[in-house]
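**Student:** Need a 3D model of the following:
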Amino acid sequence: DYTWDDMKQEEMELMLHGGLELFLEEVQACFEEGGGPLLKQWRSTGDPHKVPAPRWDDKPCFPVPSKVQSLVLANDDDERENFTPLPGTGDFSWAEAWEVARPWIKDPRVWQPQRLYHPEGWSAGEMDLVLRWRGKSTIVDIKASDTTSRFAVWLEPQLMFYRFLWSATRGLSGLDESLENNAVDEVEALQGWYLKGPTRKEFTPMSEDELPAFSEELHTIWQEMTAADSEPDNWPECSCGKCEDSAESEEKCHIRIFGNEVEMPSRWNDLSLDEIIEKMQPRIPAKPLDQMQSRINVVGKIGGKWGPLSNHFGELVHGALLQTGGQSHAVLEEMSTGAFPDLRTTPDGDYLISNAAPGLWRNKVRLYLDGRSEFLTGEEIDDSIETTRLGLIQSKANVDGLVVGRAMRNGQRLGGKPWTMFSAHLWDGKRVVEIVAFGRSIVSTLSELEIGDRVLISSAELGWRAGLPQLRINPRITRMEVTSRDWQPTDGLPSQDL
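**Tutor:** So this is what the prediction gives:
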């Protein structure tokens, strides 16, 4: 994984100087224009923006203050005051230009997500910086590179997406008519700041008349992505040339899986791709990933609705209880925020639930619902639909595969509680599945995994993320057997075809 140790001091200094130079250009422009149209408000009442630019001496602005411990907010009230009005009344000063030009940025004191969420819940984005001193907004994305980066071509589409999301959360172009439109909500420019230049690259934002069509295009893409699940037949068509299931690698001792070069065990160096796939046959008790139960139909009575409450990813979701005639019951839950709005509005009663994704959470069977799921009643129910009894739902999985990716992430929840998540991707010769563990479930066997290790996992809890299966490690019931990437068969011992 990339760490701070990989960053050279000279490179960091270059980018810091580059960022300051770009901001000082804004300060100079602000000074030359006499502070812009908001100067009178700055001098009379202070920062005129509803979400102020972060300042070390001001109180931090939490997006969800109700989730912050009262003691933290109390300390902030005691130690900090809001930004006071600028003292000037005559000529505009350089000190005033610095404050007026100060942009909104993500406040490092605020651990809560500082991003924009679409009102309908199907998209979100996190901007780096917003300039507002000219009276209208300029959205800026900061790049720790120069304009020759291979990712530079994606800067304009990225900024166009931010521009759309900005408008969708502010009532522009009818994207959300419940919100009030102010002049500062209008976007007059999109910029990319390349710190290694430094270079400022500017784009013209799409007009408000273009936004509804762009919104519809993005929503269609989102629908195709959420319907894709783990079945390749359901994936949207792609012509990028990098999405092959697997292929011979151009780099020795590697294999290309979905466009990525992955280091493979050294004992396989002389094997062809077909021979490697042959060795990836699952060991008992594992089954191939394409045989994992993904979507089922169940019958029962819906009631006891709840939400929104945070799931284990911190997303606000709705849920309900599903009961059968006996004592069996299961929890229904949206796969992500807004994934199945019907769960909130459907009356209690008997239903056939189609295309639910089975899983397990805290030893309770859960059925996750998304855009592919449906509630059917009466004549809508076809006698040919095959249903699964709650007691026979597959909520655990046994898998065997090669580690082709790994990551360790950490952060803080809305209330400030820390979280840690480990994830790895296993390839079984045909499919790829993600395995995850949270907090104390991250045992040493997981944290020491390396790309190229082979892992046999039994009794992993089945969960779902964005329409894809996700296997959770529970140290109390999950068993793991790891064969190191560097392991070699020993002569004279029983053969292990690994």
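**Student:** Could you find the closest non-adjacent residue to Trp42?
**Tutor:** Leu86 (4.9 Å; CB to CB, 6 or more residues apart in numbering). Quick note: C-beta positions are derived from backbone N, CA and C, even for glycine.
**Student:** now swap in Glu374 and tell me
**Tutor:** For Glu374, ignoring the flanking residues on the chain, the nearest one in space by CB to CB, 6+ apart is Ser354 at 4.7 Å.
**Student:** what's the answer for Pro418, then?
**Tutor:** When the adjacent residues along the chain are set aside, Pro418 lies closest to Gln412, with 5.5 Å between them (CB to CB, 6+ apart).
**Student:** do the same with Phe161
**Tutor:** If you skip the residues right next to it in sequence, Phe161 has Gly125 as its closest partner in space, 6.2 Å away by CB to CB, 6+ apart.
**Student:** Please name the residues that touch that neighbour.
**Tutor:** Applying CB atoms under 8 Å, 6 or more residues apart in numbering to Gly125 gives the contacts 115-116, 161-162, 165.
**Student:** again, 6 Å this time
**Tutor:** When contacts are counted by CB atoms under 6 Å, 6 or more residues apart in numbering, Gly125 is found next to 116, 162, 165.
**Student:** before we move on, what about Leu446?
**Tutor:** Leu446 sits next to 422, 437 when contact means CB under 6 Å, 6+ apart.
**Student:** same thing but 8 Å
**Tutor:** The contact partners of Leu446, by CB under 8 Å, 6+ apart, come to 422, 424, 437, 473, 480.
**Student:** CSV for the residues you listed, including distance to Glu275?
**Tutor:** Below are the contacts of Leu446 laid out as CSV (distance: CB to CB, whole Å):
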residue, distance to Glu275
Phe422, 31
Ala424, 24
Ala437, 32
Ile473, 30
Met480, 26
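**Student:** Can you tell me which of those is closest to Gln394?
**Tutor:** Of all those, Ile473 has the smallest distance to Gln394: 17.3 Å, by CB to CB.
**Student:** count of residues packed around the closest one?
**Tutor:** For Ile473, the tally of surrounding residues (other CB atoms under 10 Å) stands at 23.
**Student:** wouldn't it be in contact with Leu462 here?
**Tutor:** No. The criterion here is CB atoms under 8 Å, and Ile473 misses it with Leu462 at 11.8 Å.
**Student:** State the phi and psi torsions of Trp268.
**Tutor:** In terms of degrees, to the nearest 10, the main-chain angles of Trp268 are phi -100, psi 10.
**Student:** and what of Glu11?
**Tutor:** Backbone geometry at Glu11, expressed as degrees, to the nearest 10, gives phi -70, psi -40.
**Student:** Test for you: state the pLDDT assigned to it.
**Tutor:** Glu11 is assigned 90 on the pLDDT scale.
**Student:** So what's the residue count around it?
**Tutor:** Under the neighbour criterion other CB under 10 Å, Glu11 is assigned a count of 13.
**Student:** Can you tell me the element Pro308 falls in?
**Tutor:** For Pro308, the enclosing helix or strand under DSSP states H and E is strand 296-310.
**Student:** In the sheet, which strands lie alongside the helix or strand just after that strand, parallel or antiparallel?
**Tutor:** Tracing the chain C-terminally past strand 296-310 and defining elements by DSSP H and E, one meets strand 316-323 next. Strands that pair with strand 316-323, judged by DSSP bridges, come out as strand 296-310 (antiparallel), strand 329-334 (antiparallel).
**Student:** closest one to Asp350 among the ones you listed?
**Tutor:** Ranked by CB to CB, the member of the strands paired with strand 316-323 that lies closest to Asp350 is strand 296-310, at 5.2 Å.
**Student:** Tell me how far that closest one lies from the chain's centre.
**Tutor:** With CA atoms, centre = their mean, to the nearest Å as the basis, strand 296-310 stands 25 Å off its chain's centre.
**Student:** Let the chain start at 41 from now.
**Tutor:** Right, with 41 as the first residue, what we last looked at is strand 336-350.
**Student:** what's that strand in contact with?
**Tutor:** In contact with strand 336-350 (CB under 8 Å, 6+ apart) are residues 356-364, 369-370, 372, 374, 377, 383-384, 386, 388-398, 407, 415, 425-430, 433, 453-454.
**Student:** Pop out the phi and psi values for the spatially most central residue of the chain.
**Tutor:** The centroid of the chain falls nearest to Ala164 when counting by CA atoms, centre = their mean (8.7 Å). Dihedral angles phi and psi of Ala164 (degrees, to the nearest 10) take the values phi -150, psi 150.
**Student:** isn't it right next to Leu156, touching?
**Tutor:** Yes. Counting by CB under 8 Å, Ala164 touches Leu156, with 6.4 Å between them.
**Student:** Now the common contact residues for the two.
**Tutor:** Both Ala164 and Leu156 are contacted by Leu205, under the criterion CB under 8 Å, 6+ apart.
**Student:** among the contacts of Leu486, which ones are buried?
**Tutor:** The neighbour-count criterion (16 or more other CB atoms under 10 Å) marks 462, 464, 477, 513, 520 among the contacts of Leu486 as buried.
**Student:** Am I right that the last one falls within a helix?
**Tutor:** Which is Met520. No. Counting by DSSP: H, G, I helix; E, B strand; the rest coil, Met520 is not part of a helix but strand.
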